[in-house]
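A.B. asks: mind looking at a prediction? Sequence and model below.
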There are 6 protein chains.
Amino acid sequence: MSVRAAIWGEKQEAIEESLKAVDEDLFCYIRDFAYEEVLARPGLDLKTRELLAITALIALGSPKELATHLEGALRVGATEEEVRETILQSALFLGFPRALAAMKLFHKVLKGRGSAHPREG
Amino acid sequence: MSVRAAIWGEKQEAIEESLKAVDEDLFCYIRDFAYEEVLARPGLDLKTRELLAITALIALGSPKELATHLEGALRVGATEEEVRETILQSALFLGFPRALAAMKLFHKVLKGRGSAHPREG
Amino acid sequence: MSVRAAIWGEKQEAIEESLKAVDEDLFCYIRDFAYEEVLARPGLDLKTRELLAITALIALGSPKELATHLEGALRVGATEEEVRETILQSALFLGFPRALAAMKLFHKVLKGRGSAHPREG
Amino acid sequence: MSVRAAIWGEKQEAIEESLKAVDEDLFCYIRDFAYEEVLARPGLDLKTRELLAITALIALGSPKELATHLEGALRVGATEEEVRETILQSALFLGFPRALAAMKLFHKVLKGRGSAHPREG
Amino acid sequence: MSVRAAIWGEKQEAIEESLKAVDEDLFCYIRDFAYEEVLARPGLDLKTRELLAITALIALGSPKELATHLEGALRVGATEEEVRETILQSALFLGFPRALAAMKLFHKVLKGRGSAHPREG
Amino acid sequence: MSVRAAIWGEKQEAIEESLKAVDEDLFCYIRDFAYEEVLARPGLDLKTRELLAITALIALGSPKELATHLEGALRVGATEEEVRETILQSALFLGFPRALAAMKLFHKVLKGRGSAHPREG
């Protein structure tokens, strides 16, 4: 399975169509270099890579890209608790406002997945 | 073992003395809240927490604090390869200059640990 | 009066309910460590603390959290002019785009408070 | 022609009215210092200056101000390709998430200009 | 007294010579716009302005410019405690690594001023 | 001529040896993806690309990588004035402290190139 299939799951086709429409060259770099070359490297499992991606995106304050990897982390096997801990810890290094914004976003992502009690998910 | 003992290792006493001299209240917050409350939480192992810390510190561009956690990651069981992959991946999210600066710093850290061939460490 | 009561005012209950729903542990850290431990320290009055918070949030570019502290600053006694000066000065250190985005947000906050002539508020 | 007229084009009056309403002093600094003093300096043509502005705004992650200068770059003579290359290159220095967010915004800007086939614009 | 004289104190001449040598135009903007226009505005006292400057510079992670304003804050009447509180509070918004780096720098600044017991200053 | 030869000039061999020693994989990505794929794209001349790189690196606050591209800009044909204007303009978007730090670095770079009167260079 490609890294994109693992991280993007059932949204892969929609994400790829949308990226291609925005800029074909940037799409190719994201697909061939970012996902299938760097994120596909051995040495770290995909779950850890997604938690690292979440941390980097909290630092950047990029909500849309963060949402993609919050979902991606769950898809490649991170538990809800692991994602919560990743966000909580970011408060120490990046400050509470960034951590809080990320946790609100994660709350929305969990709700969007249709779990009635996001806390127990 | 305290989280500080695990991450700071043989440098614990020196780091604590230096922090206390700088500001006792900030030292207490770092010790009691950052290390022994948040980093000590269950739900993520300390190795993953240190790789997340490295990513956050690459984003901040804070070389001294980054060096502390590059060493800390190795102390709590991360392999040299896992640290390298964490840094390499950060190029995707935070850009090559930040990743390169971090890798140079890691190279220095490895040299400081006295390994003759840092690459094979 | 708690620091939260002073800064959040009549919105305290709503903010706390919303934070608790998002993540109870993060809520506790924000309540017990951020607000009632650090922001509650003596040595700086709450008005100055809120102006400092505004500056930090302009630097982060976090609009929601910035709005909270723009309102908070007014609640703990900052004048509209003091908040405007804080934002204006941030242009020097953080650039005009960040300052402008903050000023637009403050304009909205003032409008939301129902003052017919926000400039004279 | 003033730098503002060149960059803001047919939106100049609307932008100025809106800035004045938000804060007259900040408006004056933006008009007299940022636009008509610094951006008006000789030594770099306005097109290059707008591409530099785009890069700085991608770094800041400020979407509204970025949209203004994406349009501004086109108005002062940058081709769509030059803007795309500026955004693409930013992925190297500022990471893919920032570059991608900027490219999506540029796609929207191009659509808003009514070009049926934004790619060929 | 000019704002520069108040903030730079006995170092004014040396700072101005050094700035002029680096770039005369940038020096003029810093002198005429940053210091004598914006920082000289009424509405906030210079001490508060310097504490805000410190916060912005902690966010930027710019050690040299931060040192200038740590000294400047003391010169315009901030107590050591007020500066410490400003730095401590920044940990909440900008994370512990940035706050710690700033506190270490402040410790050095205090030592450089020749106080035997920096903590009691 | 490769893009690296154009930007790194007589330092190419030294830079490549140093990068390889630090991390061979990161070196390959920088060489093959960053330099010879993205920076080598048509659509923007190398001089403009280097001025954009300078702006991005001022935003990141990465002095070593910034020095490389300040020199690189001069090597690929940017005049000293064009580099100065790029730095000056960054004050508007990224704040004066970042612009000032960059201008000091450029001053040092010019001195290192042995020009007796860096201002007239």
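C.D. replies: Thanks, I have the structure now.

A.B. asks: which residue is nearest the centroid of chain A?
C.D. replies: Residue closest to the mean C-alpha point of chain A, counted by C-alpha atoms, centre = their mean, is residue A:69 at 0.6 Å.

A.B. asks: OK, contacts around the nearest residue to that one once chain neighbours are set aside?
C.D. replies: In this structure, residue A:69 finds its nearest non-sequential neighbour in residue A:53, 4.4 Å apart by C-beta to C-beta, 6 or more residues apart in numbering or on different chains. C-betas here are computed from N, CA, C, even on glycine. By C-beta atoms under 8 Å, 6 or more residues apart in numbering or on different chains, the contact set of residue A:53 is A:69, A:72, A:73, B:89, B:93.

A.B. asks: in helices only, show me those.
C.D. replies: With DSSP state H as the criterion, helices contain A:69, A:72, A:73, B:89, B:93 from among the contacts of residue A:53.

A.B. asks: thought the first one was touching residue A:58?
C.D. replies: No: taking contacts as C-beta atoms under 8 Å, residue A:69 lies outside contact range of residue A:58: 10.0 Å.

A.B. asks: quick check: the residue nearest to the centre of chain A vs residue A:91, distance?
C.D. replies: Distance from residue A:69 to residue A:91, counting by C-beta to C-beta, to the nearest Å: 18 Å.

A.B. asks: nearest to chain F: which residue in chain A?
C.D. replies: Closest residue of chain A to chain F, C-beta to the nearest C-beta: residue A:33 (5.8 Å).

A.B. asks: any low-confidence regions in chain A?
C.D. replies: For chain A, the stretches with pLDDT under 70 are A:115-121.

A.B. asks: how about the residues of it that lie near chain E?
C.D. replies: Contact residues (C-beta under 8 Å from any C-beta of the partner chain) of chain A with chain E: A:91, A:92, A:93, A:94, A:95, A:96, A:97.

A.B. asks: looking at these, which one is closest to chain B?
C.D. replies: Looking across the residues of chain A next to chain E and measuring by C-beta to the nearest C-beta, the closest to chain B is residue A:93, at 3.6 Å.

A.B. asks: now that closest one: closest residue in space, sequence neighbours ignored.
C.D. replies: residue B:56 (3.6 Å).

A.B. asks: now the angle between helix A:46-60 and the helix or strand that that neighbour is a member of, please.
C.D. replies: When secondary structure is defined by DSSP states H and E, residue B:56 falls within helix B:46-60. For helix B:46-60 against helix A:46-60, the angle by axes from the mean of the first three to the mean of the last three C-alpha atoms, to 10 degrees is 30 degrees.

A.B. asks: dump helix B:46-60 to PDB, restricted to CA.
C.D. replies: Output in PDB follows, covering the C-alpha atoms of helix B:46-60 (Å, rounded to 0.1, in the frame of the first residue of the first chain):
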ATOM      1  CA  LEU B  46       9.400   8.600  26.500                       C
ATOM      2  CA  LYS B  47      11.200   7.800  23.300                       C
ATOM      3  CA  THR B  48       8.300   9.000  21.200                       C
ATOM      4  CA  ARG B  49       7.900  12.100  23.500                       C
ATOM      5  CA  GLU B  50      11.600  13.000  22.800                       C
ATOM      6  CA  LEU B  51      11.200  12.700  19.100                       C
ATOM      7  CA  LEU B  52       8.100  15.000  19.300                       C
ATOM      8  CA  ALA B  53      10.200  17.400  21.400                       C
ATOM      9  CA  ILE B  54      12.900  17.400  18.700                       C
ATOM     10  CA  THR B  55      10.400  18.300  16.100                       C
ATOM     11  CA  ALA B  56       9.000  21.100  18.100                       C
ATOM     12  CA  LEU B  57      12.500  22.500  18.800                       C
ATOM     13  CA  ILE B  58      13.400  22.300  15.100                       C
ATOM     14  CA  ALA B  59      10.300  24.400  14.500                       C
ATOM     15  CA  LEU B  60      11.300  26.900  17.100                       C
END
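
A.B. asks: that older thread, once you drop chain neighbours, what's closest to the residue of chain A closest to chain F?
C.D. replies: Nearest one to residue A:33, counting by C-beta to C-beta, 6+ apart, is residue F:33 at 5.8 Å.

A.B. asks: and for residue A:39?
C.D. replies: Residue nearest to residue A:39 in three dimensions, not counting chain neighbours: residue A:3, with 4.9 Å by C-beta to C-beta, 6+ apart.

A.B. asks: same thing with residue A:98?
C.D. replies: Closest to residue A:98 by C-beta to C-beta, 6+ apart is residue A:58, at 5.2 Å.

A.B. asks: what's around that neighbour, how many residues?
C.D. replies: 29 (other C-beta atoms under 10 Å in any protein chain shown).

A.B. asks: surely it meets residue A:88?
C.D. replies: No: Residue A:58 is beyond contact range of residue A:88, at 10.8 Å (criterion: C-beta under 8 Å).
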